[in-house]
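Participant: Here's a sequence, model it:
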Amino acid sequence: HPDGVRIVFARETSGPASRELFVAWLDDSSVESRLTRNGNIDDSPCWSGDGSRVVFSSDRGAALDPIRRR
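Facilitator: Numbering: from 1, shown residues only. Model (predicted):
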């Protein structure tokens, strides 16, 4: 995140066919917030320049399409 306090990352959740996005606070990595919960492959997350959104790819459609999330 542009504030240097949070990081967004992808993790396999229920097998290799499912990858979800999470945010963790760098000062306490035990605190995580789950951003997606759809059973698809959500990957390659990055913050927007102002930190208000996360952009990532997902196989929710026919291909890995970019998606924005607030």
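Participant: What degree of burial does residue 20 show, as a neighbour count?
Facilitator: If you count neighbours by other C-beta atoms under 10 Å, residue 20 ends up with 20. C-betas here are computed from N, CA, C, even on glycine.
Participant: isn't it right up against residue 41?
Facilitator: No. Using C-beta atoms under 8 Å, residue 20 is not in contact with residue 41; the gap is 9.0 Å.
Participant: and for these two, which residues touch both?
Facilitator: By C-beta atoms under 8 Å, 6 or more residues apart in numbering, residue 20 and residue 41 have no common neighbours.
Participant: Pop out the phi and psi values for the residue nearest the centre of the chain.
Facilitator: Residue closest to the mean C-alpha point of the chain, counted by C-alpha atoms, centre = their mean, is residue 21 at 3.0 Å. Main-chain dihedrals, residue 21, degrees, to the nearest 10: phi -100, psi 140.
Participant: Ignoring the adjacent residues along the chain, who's closest to it?
Facilitator: residue 35 (4.1 Å; C-beta to C-beta, 6 or more residues apart in numbering).
Participant: ok, that neighbour - contacts?
Facilitator: Residue 35 makes contact with 8, 20-23, 45, 54, 69 under the criterion C-beta under 8 Å, 6+ apart.
Participant: Please list only the buried members of these.
Facilitator: Buried residues within these, defined by neighbour count using 16 or more other C-beta atoms under 10 Å: 8, 20-23, 45, 54.
Participant: Of all pairs in these, which one spans the longest distance?
Facilitator: Of all pairs drawn from the buried ones among the contacts of residue 35, the one with the longest distance (C-beta to C-beta) is 20 and 54, at 12.1 Å.
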